[in-house]
Structures are given as C-alpha cells and as structure tokens.
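A.B. asks: Generate coordinates for the sequence data below:
(2 chains)
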Amino acid sequence: MSTLRIDREAADGAIVRRPGFGLLRALRQGPLFAGAAAVLVLLVLIAVFAPLIAPYDPDAVDLTATLAGSSSEHLLGADQSGRDILSRVIHGARTGLLGPLLVVGISTFLGIAIGVAAAWRGGWIDAMLSRSMDLIFAFPGMLVAILFVAVFGSGLTAPVIAMSVAYTPYVGRLVRSIAGQEKARPYIESYRVQGWSGWTICVRHLIPNITPTVLAQSAINFGYALMDLAALSYLGFGVQPPDSDWGSMINEGQAALLQDAMLPSFAPGLCIVVAVVAFGIVGEGIADRVAKRER
Amino acid sequence: MAFLEIDELTVRLPQGRAARPILDGVSLRVGEGESVGLVGESGSGKSVACRSVLGLLPEGAAVSGAVRVGGRDVLGMRRAELRSLRAREVAMVFQDPRASVNPMRRVGDFLTEGLRAAGTAPAVAARRAVELLEAVGIRDPEGAMRRYPHHFSGGMLQRVVIAAALAGEPSLLLADEPTTALDVTTQAEVIAILTRLQAERGTGMLFVTHDLELAAAVCDRVYVMYAGRIVETQTAAGLFARPRHPYTAGLLASTPRLDPDAGPPKPIPGRPVSLAEAPTGCAFAARCAQVRPECLVEPPALVRADDAYAACFRVDEGIVT
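C.D. replies: Below you'll find the model as predicted:
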C-alpha cells in the first residue's frame, strides 16, 4: 500500500496528502464536548432541512387548534392562532442560526483584518485602529442595533449589521494581541528573510497560525450573538411576525402564559438556551485544545 | 572582488536607546565559496552584522558605511530588489529550527513554496525538494514531505531548514548560530552536512557563532567581534596558533581542555560592555590583563600583523600571558 503510494508520487511528482482525520480527532474531547458538537450538528441539519422535517406549514392558521396542548397531532401543541409550535420552532432555527452566522462571519473577518493590520504595522496605524475599537466598545451593541432598526427599518439586516459592528472589536482586540505575539516568533522573520511580502506572510502564515484561537472565540461569540438577536426580535426590532423566530415566538407566547399554556413561549426559550450553551461548550472546548497544544 | 563586502558599517540606535553604536566601523569580506566565521559574545553585534547583509536593520537606526552583495549596495536597494536578493542570492539558517519553521505547514510546502513563488512548476519543485532532503540525509524523503515540523527532532528539522535554505541555490548562506539549540552529537552531524553541501555547491557562508572552536573547525577565516567592533581577523589555524588580540587569547584560555597537562579554564575577568556604556578607549581595556594608559584614551584601529589583523596597541609585542 505504502509502496504503491510512493510509486504514484514518483510518477507525477506532486505531493499526495492523506485524508485528514482532524474532525474525528476534534470529537475525542470528552462526552460534554461531543454532546454539544452533536447538538450543533443537529441544529444545523434541522435548519437546513426545515421544510422537509416540519410537520405543518409554520404559518398555517388553524383556529380549531388554538392553544392546543401536546398531542399526537401537534407534538408541542399550537399557539393562539393555532399554528403548530414544533413547525415554527423548526423553521425558527433558520433565522435563529443564519443571523448569528452572519454576525460572526462578518465580525471575525473584520476583526482579523483590523487586528492583524494593527499588530503588523504598529505605530500610528495601530494607535488609530485600537482607539477606533475602543470607541465602538463605548456603545452598547443593543443600543446601536435599535438605532439601526429605527433608521433602516426592522428585519434581519439592520440588527445583523449593528451586531457585526459591535462584535468586531472583541475579535479585533484578541487578534491584535495574539498576532503581535506571533509576529515576534522567528518563523515570521525567516519568511521575511526569504523575501516574502508582508501581505503574503500575513495571509499564508500568520493568520492560519492564529485561526484556532480566533475560532474558539468566534464559537463563543456565536452563542452571544444568537442571544442578542433573539432579544432584539423579542423586543420587536428583529424578525417581524408572522415569520417564525425564537425571540419573537417567546414574545407572542407571553400572552398564552396567562391562559396556562407554557409551550408557546417555553419551547423556543429552551431552544435558545440549548443552542447558546452548546456553542459555549464547543468554544471553550476548542480554546482548551489550543491551550493544550501550545503548552 | 569578494562576493560579500561590508565596509565601515556603523549602526547607531536612536538617542536614548543605546550609548554606543551597536556596530562600529565593521568591515568584513566573504569570497565566492569561502566560509567565514563571525565570533563574539552575546551583544557583540554579530547577529546585527549578519542581518545587515539582508538589509534588515533595527528600526530607526542611523546607518553609515556600505554592504555590498555581488557588487550591489544592499542598504540603498529598493523593496523589489531586496526581495529578489533575499529570495535568490542570500539564504539564512536560524538558531532554533523549532521556532523558525511555521508549525502549521507541511515540510513539503515549506521546502517548495519559495521555488513555486519563483515560477517553478509544482512537480519540479517537489522533485527538487526530495533531492535536497536526500542530500541533507533525511530517510524516506517522500514521506518527510508530507509530515509536519513537530514530527521531526530538532536536528532533523535543522537539516530540513538547511535544505530549504539551499533550495533557491543561493550564492551566500548566512548561518546564525545554526547549532546552538541542538545536542552536541546532532551539532556535529549538522555541521558536517552544512560544510559538505557548502563545499559541493560552492556557496559562500558567513557562520555566526559564539563558539570560537566551532568557528575554527568550520571556517577558512574568522572575524572576532567585541562590543560592536572587529577586534581580530585571521585564518582559523592562525587564530589558535597565535591569537593577536588579548580578547581572542582570553576566549581560547577560557575554553575547557581535555589534555592531561592542561590547567583549569581561565575565565576573562569582568563582564561584556553593555549598550548603555560607552568606553572612550578600547572597549576591552577594562577586562584586559595588559592594559596601558593609551588604551583608555582612544580605541585602537585594526592594524596588520603578518597575515592577521588586530585592533590592539600592543599587537607587535604579542600576547603576554
């Protein structure tokens, strides 16, 4: 087998890579991490295949089933308008995950760009970028988001942009400090000595080396962003009814609580808690792995 | 004409960061295919001198003098020229291989990325990398290409680094304490590989070390540095037979010997000159056994004594021990 591989390499001369088992190894972190990772995978699958899994149309009103309890027809019951809660929770996973995904994606990208630029160039560029990030820290993200909604109208876009801006300095500050440490390591100097440009060194060598730490932070941020966006839609600034979203579902379910129906607000609430806790555990798990490797 | 010429290079840090220049009128020559040692204690400026060849100088430093590689002035080079100099003509081997290799890149990528950036086809670059790994004595070079740096021992990784340095067929190799981080046995192997490849390929080498004996074993000629100045230069053999500067003599006397009739090693009294001090005369005067009043007035110039050069007022009298 191995001789076969060498023969093939000798034939075309290119490097043949073994398939990576990185993902499997990541799961060997203990039952808590594995469980949390499984929950996340499940959540993503549910969000992706929502229309196939959901037993009902999430927006279908059935007034005969108003506030129906758990039954074989409606596993999690129905809300005031008789909409199936299970279907709404399943569809709610789509906006519930898409929003934070955008926030984390944008803030991680911007944070890495700003942090690496600040650490690499130093001097006045560093001072300017760092002070700008401090400036953003001064505004509570929620407040900015509400302001954006007031200006640009409600929906997913305005809160996502506002939250991305609010989360960028967290990533940027982290990246700046670890990129600064990384920059001082001799392998970076050795690439400079070989005549590589600063841009190439940063993109190809420095950023891949700090990525695990940044990813750990991003996973934790994902949970927070999910909670923040849910809070915004709970307050009525985010996703608008009748679109299903966990935050707005809790809001709508509040009235049902007075009529002894727990499920309309309890089910989406539980979803938020499970998702946030799972992201927290996975983020911490990755951070532990990184710390262990560096020791 | 020598391939590398450093002429009267003086590097001064901005006011307040150092009292004396880190390099003070350093002149140095490395011919084609010649191996030259640069020996000194930590803080003597040998690493700064070595990096100046690549145009890497401390930020904000005031520089005078010239560094010429292949007849072209490095200090006046534009960015693109510097880049091609670093990529093609001069390669560097660092002290600690563990720290000087990107831990996230496979050895194959590490070896071939320079060639690929220069326009070599990936398959050709990979074949060349395998040849180089074979040349530095790594078993199963094909397998090694796929491995990560942490799969190698320090000595093996330093061989990989040497292979990478030779990949671009440089005319000059800068070795900055290439074996200091390695075991003694590994050190011998790495040195053997380095000198063999350097001789085979006709690559010039500037070998920076704090170990005078090692430099003498590896190099044709040795420069000895003290407090930013060259204090002595002569052939490796001559250095042992007849050191001209009291500092060189002190270094030799402070090396432990195994001969049965040799006495215990004699350390040089005092401590090296820090950057915060600026002695007016010879920087070594405070530690010198044969100091005279004029030594404290002005620093001695490098003068010829037979086929050697030494910066000492009493060079004609020889070393009195």
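
A.B. asks: neighbouring contacts of stretch B:25-36?
C.D. replies: B:2-10, B:38, B:45, B:49, B:65, B:171-172, B:195, B:198-199, B:202-207, B:218-223, B:225, B:228-230, B:302 (Cβ atoms under 8 Å, 6 or more residues apart in numbering or on different chains). In this view, the C-beta of every residue, glycine as well, is placed from N, C-alpha and C.

A.B. asks: Give me the subset of the residues you listed that lies in helices.
C.D. replies: B:49, B:195, B:198-199, B:218 (DSSP state H).

A.B. asks: Would you mind measuring from residue B:272 to residue B:66?
C.D. replies: 27 Å (Cβ to Cβ, to the nearest Å).

A.B. asks: returning to what we had before: selection in PyMOL covering whichever of the contacts of stretch B:25-36 are buried, please.
C.D. replies: In PyMOL, a selection of the buried entries from these looks like this (16 or more other Cβ atoms under 10 Å in any protein chain shown):
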select buried, chain B and resi 2+3+4+5+6+9+10+38+45+49+65+171+172+195+198+203+204+205+206+207+218+219+220+221+222+223+225+228+229+230+302
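
A.B. asks: count of neighbours near residue A:287?
C.D. replies: 17 (other Cβ atoms under 10 Å in any protein chain shown).

A.B. asks: what's the answer for residue B:129, then?
C.D. replies: The burial count for residue B:129: 28, using other Cβ under 10 Å.

A.B. asks: so which helix or strand takes in the residue in the stretch 101-250 of chain A that chain B sits nearest to?
C.D. replies: In the stretch 101-250 of chain A, the residue that lies nearest chain B is residue A:195 (3.2 Å; Cβ to the nearest Cβ). Element membership of residue A:195, judged by DSSP states H and E, is empty: it is in no helix or strand.

A.B. asks: list the contacts for it?
C.D. replies: Per Cβ under 8 Å, 6+ apart, neighbours of residue A:195: B:82-88.

A.B. asks: out of these, which touch chain A?
C.D. replies: B:82-88 (Cβ under 8 Å from any Cβ of the partner chain).

A.B. asks: hmm, which of those residues are the buried ones?
C.D. replies: B:82-83, B:85-88.

A.B. asks: Take those residues and keep only those in helices.
C.D. replies: Going by DSSP H, the helices hold B:82-83 from those.

A.B. asks: From the buried ones among the ones next to chain A among the contacts of residue A:195, pick the one nearest residue A:96.
C.D. replies: residue B:83 (48.9 Å; Cβ to Cβ).

A.B. asks: can you tell me how far the closest residue in space to the closest one that isn't next to it in sequence sits from residue B:129?
C.D. replies: Closest residue to residue B:83 apart from its sequence neighbours, by Cβ to Cβ, 6 or more residues apart in numbering or on different chains: residue A:195 at 4.2 Å. Applying Cβ to Cβ, the value for residue A:195 to residue B:129 is 18 Å.

A.B. asks: Can you list phi and psi of residue A:246 for me?
C.D. replies: Main-chain torsions, residue A:246, degrees, to the nearest 10: phi -60, psi -40.

A.B. asks: Compute the number of surrounding residues for it.
C.D. replies: 27.

A.B. asks: thought residue A:56 was touching residue A:85?
C.D. replies: No - in this structure residue A:56 lies outside contact range of residue A:85 using Cβ atoms under 8 Å: 9.7 Å.

A.B. asks: Comparing those two, which residue is more hemmed in?
C.D. replies: Using other Cβ under 10 Å, the more surrounded residue of residue A:56 and residue A:85 is residue A:85, with 28 against 19.

A.B. asks: got the contact list for the closest residue to the more buried one other than its chain neighbours?
C.D. replies: Spatial nearest neighbour of residue A:85, chain neighbours left out: residue A:76 (4.1 Å); criterion: Cβ to Cβ, 6+ apart. Applying Cβ under 8 Å, 6+ apart to residue A:76 gives the contacts A:70, A:84-86, A:89, A:263, A:267.

A.B. asks: repeat that with 7 Å
C.D. replies: Applying Cβ atoms under 7 Å, 6 or more residues apart in numbering or on different chains to residue A:76 gives the contacts A:70, A:85-86, A:89, A:263, A:267.

A.B. asks: Let me know the closest of the residues you listed to chain B.
C.D. replies: Of the contacts of residue A:76, the one sitting nearest to chain B (Cβ to the nearest Cβ) turns out to be residue A:89, at 40.4 Å.

A.B. asks: Can you classify the closest one as helix, strand or coil?
C.D. replies: Here residue A:89 takes the helix state, with states given by DSSP: H, G, I helix; E, B strand; the rest coil.

A.B. asks: ok, which stretches of the stretch 1-150 of chain B are helices?
C.D. replies: For the stretch 1-150 of chain B, the helices defined by DSSP state H, counting those that start in this stretch occupy B:46-52, B:79-84, B:97-100, B:107-117, B:122-135, B:141-146.

A.B. asks: what pLDDT, on average, does the second one get?
C.D. replies: When pLDDT is averaged over helix B:79-84, the result is 87.

A.B. asks: contacting residues around it?
C.D. replies: A:195, B:55.

A.B. asks: Run a quick neighbour tally on residue 112.
C.D. replies: This is for chain A. 24.

A.B. asks: try again with chain B
C.D. replies: Residue B:112: 27 neighbours (other Cβ under 10 Å).

A.B. asks: Nearest spatial neighbour of it, chain-adjacent residues omitted?
C.D. replies: Excluding the flanking residues, the one nearest residue B:112 by Cβ to Cβ, 6+ apart is residue B:125, at 4.0 Å.

A.B. asks: so that neighbour makes contact with residue B:117?
C.D. replies: No - the criterion here is Cβ atoms under 7 Å, and residue B:125 misses it with residue B:117 at 9.7 Å.

A.B. asks: More neighbours: which of those two?
C.D. replies: Using other Cβ under 10 Å, the more surrounded residue of residue B:125 and residue B:117 is residue B:125, with 24 against 16.

A.B. asks: where does the more buried one land on pLDDT?
C.D. replies: Value listed for residue B:125 in the pLDDT field: 91.

A.B. asks: And it, how far from residue B:111?
C.D. replies: Counting by Cβ to Cβ, the gap from residue B:125 to residue B:111 is 8 Å.

A.B. asks: that older thread, quick one, phi/psi of the residue of the stretch 101-250 of chain A closest to chain B?
C.D. replies: Per-residue torsions, residue A:195: phi 90, psi 20 (degrees, to the nearest 10).

A.B. asks: what about the residue lying closest to residue B:7 once chain neighbours are set aside, distance to residue B:113?
C.D. replies: Nearest residue to residue B:7 in three dimensions, chain neighbours excluded: residue B:66, at 4.5 Å (Cβ to Cβ, 6+ apart). With distances taken as Cβ to Cβ, residue B:66 is found 32 Å from residue B:113.
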